[in-house]
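**Q** Predicted structure and sequence below. I'll ask about it afterward.
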Amino acid sequence: VNYNSKGYIHIRIIKMSKKTNSNYPPKEVIDRLIILLKQKQFSYVINHGLALTKQFPNTFTIWNILGIASQSLGKIADAARFFKKVIKLNPKFAEGFNNLAITLQAQGKFNEALVSSKNAILLKPDSCIFHTNKGIILQEKGKLDESLRDFKKAISLNPKYVEAYYNMGITLQYQDKQEKAIKYYKKALSLNPNYAQAYSNMSAAYKELGKLNEAIKFSKVAISLLPDYEEAYYNLGAMFRDQGNFNEAIEAYKKAIVLKPNYAEAYNNMGIAFKEQDKLHEAIRAFTKAVSIKPNYIYAFNNIAGSLKDQGNLEKALNFYSKAISINPDYADAHYNCSFIYNLKGNLQKGFKLYEWRLKSNEARARSPRKKLIWDGVKPVCGKKFLVYEEQGLGDIIQFCRYLLLLKQKGAKVTFKVKKKLHALLHTIDSD
């Protein structure tokens, strides 16, 4: 599920004096640029603004307007260059530091962004916007507790500042504090009932709590408020998929893709929904499209391989697992999935060795024991104490528990830790 977090460019323009000064443009020229900026005529603003800088190179207001227009067009490098010019010309212009911080954040330069954000706050410590932006940067850096402190500071400065509540919700979701996140989204919505992103993120929190009906309801509200909101459709697809409503999920992903044609994640998740329906050809097409958009998309390569395995194309499947591993050698799921193919091919030694990667997976069902306590399969077992614990499902437990007798026959003392509900079935495991 995607959350939505962003910094906020501050569009305060210093008012120009009405007095004529050959070093500065007339007030009506700046006012005209501001009007065009608010009308979102960004390309015209940039062209006209650059022309003005040749005549008035030291007017930081023009450079600030250029930065805002460039940021709005996604020209992040240009925006950063313009905002740096702003603070060079006017080192006391807090908004320039704030705007630069947001641009650096968009470039992934979080440390530089944080420095610039702190400079903005030093110049204007009572700005709820600046504290919120600093919190978002800290959130991106993974410093979630520090991020929350800045959002709380923003709220203390302005209890009606909706973006602080909204971003508090996002950070709490990252901390898996879904109930608290919902509380802050509801507060944001009480201040702005038409905040589609807050509805969408709140729906994601309900999804994590397993409350899929509520999650779907709020996703649909988000879409009704913002019909071209591709991430709301993406999240809705994930919720339908969790419900087992795969056709609805596929339709939601298709709508997300219409709005955002290069949405690799939507193609990948749509492929998963097709795979759940055993529509493997359609699944592979969707996964292939995902990697064509995002060539290093290891999850999609892993999913292509899984679909090929289900088709019986074991060698092709291995090739795609290998592709995922070449991109990220520590990708545990791909190594783990390879184990099944080698076992199917009869190479049990390699298969079981790769099977150990399951313990490094994010989906691991059991904690790996300390390395020095793991039996290597070679050292003598006679007189040694073995603790064996369940890890997989009921079928695997029943299938493999009989091998514990081999340890006992070799003189080992074996303790088998298993759920209480299986005690009655397994208590005769070593009886004659």
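**A** The structure has been received and is ready for your questions.

**Q** only C-alpha atoms for contact and neighbour calcs from this point on.
**A** Will do.

**Q** Distance across stretch 237-250, terminal residue to terminal residue?
**A** In stretch 237-250, first residue to last residue: 7 Å (Cα to Cα, to the nearest Å).

**Q** actually stretch 396-405, not the one I typed
**A** For stretch 396-405, the end-to-end distance is 16 Å (Cα to Cα).

**Q** same deal with stretch 122-130?
**A** Start-to-end, stretch 122-130 (Cα to Cα) is 10 Å.

**Q** Buried residues in it, which are they?
**A** Using 16 or more other Cα atoms under 10 Å as the burial criterion, the residues of stretch 122-130 that qualify are 124, 127, 128, 129, 130.

**Q** Adding pLDDT, write those out as CSV.
**A** Formatted as CSV, the buried residues of stretch 122-130 follow (pLDDT from 0 to 100):
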residue, pLDDT
124, 96
127, 96
128, 96
129, 95
130, 96
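
**Q** Distance check, the nearest residue in space to residue 34 that is not next to it in sequence against residue 96.
**A** Among residues not flanking residue 34 along the chain, residue 65 sits closest, at 7.5 Å (Cα to Cα, 6 or more residues apart in numbering). For residue 65, the distance to residue 96 equals 10 Å [Cα to Cα].

**Q** out of the two, which sits in the more crowded spot?
**A** For residue 65 versus residue 96, neighbours defined as other Cα atoms under 10 Å are more numerous around residue 96 (31 against 26).

**Q** Need the contact partners of the host helix or strand of the more buried one.
**A** Residue 96 is located in helix 94-106, with elements delineated by DSSP states H and E. Helix 94-106 is contacted from outside by 7-12, 64, 68, 71, 76, 79-80, 83-84, 86-87, 110, 112-117, 119-121, 123-124, 130, 133, 137, using Cα atoms under 8 Å, 6 or more residues apart in numbering.

**Q** for stretch 234-251, same thing?
**A** Residues outside stretch 234-251 that contact it (Cα under 8 Å, 6+ apart): 1-2, 200, 204, 207, 212, 215-216, 219-220, 252-253, 256, 266, 269-270, 273-274, 276-277.

**Q** Also stretch 395-408?
**A** Residues outside stretch 395-408 that contact it (Cα under 8 Å, 6+ apart) are 381, 390, 413, 414, 429, 430.

**Q** Check the gap between the closest residue to the fifth one other than its chain neighbours and residue 162 for me.
**A** Distances taken as Cα to Cα, 6+ apart put residue 402 closest to residue 429, at 7.1 Å, once the chain neighbours are dropped. Noted for residue 402: a distance of 61 Å to residue 162, by Cα to Cα.

**Q** which one of those two has more residues nearby?
**A** Taking neighbours as other Cα under 10 Å, residue 402 and residue 162 compare with residue 162 leading, 21 against 13.

**Q** okay, the more buried one: pLDDT?
**A** We have a pLDDT of 96 for residue 162.

**Q** swap in residue 6?
**A** We have a pLDDT of 49 for residue 6.

**Q** 373 is where my numbering starts, stick with that
**A** With the count now opening at 373, the last piece we talked about shows up as residue 378.

**Q** Quick check: which ranges of this structure have low pLDDT?
**A** 373-395, 736-738, 803-804 (pLDDT under 70).

**Q** in this protein, which spans are strands?
**A** In the chain, the strands defined using DSSP state E lie at 757-761, 785-789.

**Q** what angle do the first one and strand 785-789 make?
**A** Here strand 757-761 runs at an angle of 20 degrees relative to strand 785-789 (axes from the mean of the first three to the mean of the last three Cα atoms, to 10 degrees).

**Q** Now render the strands of the chain as CSV, adding distance to residue 564.
**A** CSV is the format used below for the strands of the chain (distance: least, Cα to Cα, whole Å):
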stretch, distance to residue 564
strand 757-761, 52
strand 785-789, 53
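
**Q** Format those strands as a markdown table; extra columns: distance to residue 683 and mean neighbour count.
**A** Formatted as a markdown table, the strands of the chain follow (distance: least, Cα to Cα, whole Å; neighbours: other Cα atoms under 10 Å):
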| stretch | distance to residue 683 | mean neighbour count |
| --- | --- | --- |
| strand 757-761 | 34 | 14 |
| strand 785-789 | 37 | 13 |
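
**Q** wait, which of the ones you listed is closest to residue 421?
**A** strand 757-761 (69.8 Å; Cα to Cα).

**Q** starting at the chain centroid, how far to that closest one?
**A** 39 Å (Cα atoms, centre = their mean, to the nearest Å).

**Q** who's in contact with that strand?
**A** 784, 785, 786, 787, 788, 789, 790.

**Q** Tell me where the stretch 573-722 of the chain has helices.
**A** 584-597, 602-615, 618-631, 636-648, 652-665, 670-682, 686-699, 704-716, 720-727 (DSSP state H, counting those that start in this stretch).
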